[in-house]
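Undergrad: Need coordinates for the following:
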Amino acid sequence: MSTSFVVPEAERKFLSRQARMSIEAGLAGKSIADIPQPPAEEFEPGSPLFRTLGAFVTLHISGNLRGCIGNIIGREPLYATVWHMAQAAAFADQRFPALSLSEWPRVNLDISVLDELTVCPDPQAVEVGRHGLVLQYAGRSGVFLPQVPVEQGWGRLEYLDNLCLKAGLPQGTWQQPGAQLFWYEAVVFKAVD
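TA: The predicted structure follows:
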């Protein structure tokens, strides 16, 4: 499904290099004080690279999840967010040990660039595969990227109910008074060499 915003091919290639350089620096034990910035002569000031967008970096080995970390809401320019999320996904995802040098050649990277988070006006309007969701209720929250319900084979109601479970809440909580449902779109792409 198409999204209401785009990440042009040149920006995708830059972000792919950024994620790979970040992980390779971590594998080499290097601390990079100055994150590489997009060359001003190649990218317009309005490029998504300079917007404060959320992003996730996901690592897979042989189709199995190996790490996934991100920010729903951008707090720095996208090029810096991807750098930090790549390092976090490789070395700080608490579900996995830190990525090893021997694993690195087998890793496939996905980058998800998130548009701005807004209140979902109607849960009936949620489109599986297009909308990522965030649920907040009673001090708990859960989030899914737009591709998750597609990968799991969920319909819209299963998507909403599983979002509740991810937040540690009973199914159907998304319908409760006081439950806040937010949505966003994402551009998801494979990081190329």
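Undergrad: My guess is W83 contacts I35. True?
TA: Yes: contact criterion C-beta atoms under 8 Å: W83 and I35 qualify, at 4.8 Å. C-beta here means a position set from N, CA and C on the backbone, and glycine is covered the same way.
Undergrad: any common contacting residues for those two?
TA: Q18 (C-beta atoms under 8 Å, 6 or more residues apart in numbering).
Undergrad: Just the pLDDT at the residue nearest to the spatial centre of the chain, thanks.
TA: The centre of the chain sits closest to F56, judged by C-alpha atoms, centre = their mean, with a distance of 2.3 Å. For F56, the pLDDT comes out at 95.
Undergrad: So what pairs up with it in the strands?
TA: G70, S112 (DSSP bridges).
Undergrad: Who are the contact partners of it?
TA: Applying C-beta under 8 Å, 6+ apart, the residues near F56 are 68-71, 85, 89, 111-112, 114, 145, 186.
Undergrad: which one of these is nearest A19?
TA: Using C-beta to C-beta, I111 comes nearest to A19 of the contacts of F56, at 6.1 Å.
Undergrad: what secondary structure does V7 sit in?
TA: State at V7, reduced to three classes by DSSP: H, G, I helix; E, B strand; the rest coil: coil.
Undergrad: how about the nearest residue to it, chain neighbours excluded?
TA: Of all residues not flanking V7 in the chain, V187 sits nearest, at 4.5 Å (C-beta to C-beta, 6 or more residues apart in numbering).
Undergrad: Would you mind measuring from that neighbour to L78?
TA: Distance of V187 to L78, given as C-beta to C-beta, to the nearest Å: 11 Å.
Undergrad: domain assignment for this structure?
TA: Residue ranges for the domains of the chain, per automatic domain parsing: 9-115, 118-185.
Undergrad: Which one of those domains lies nearest to D193?
TA: It's domain 9-115; of the domains of the chain, that one is closest to D193 (C-beta to C-beta) at 7.4 Å.
Undergrad: residues touching the residue lying closest to V119 once chain neighbours are set aside, list them.
TA: Among residues not flanking V119 along the chain, F182 sits closest, at 5.9 Å (C-beta to C-beta, 6+ apart). The contact partners of F182, taken as C-beta under 8 Å, 6+ apart, are 117-120, 133-136.
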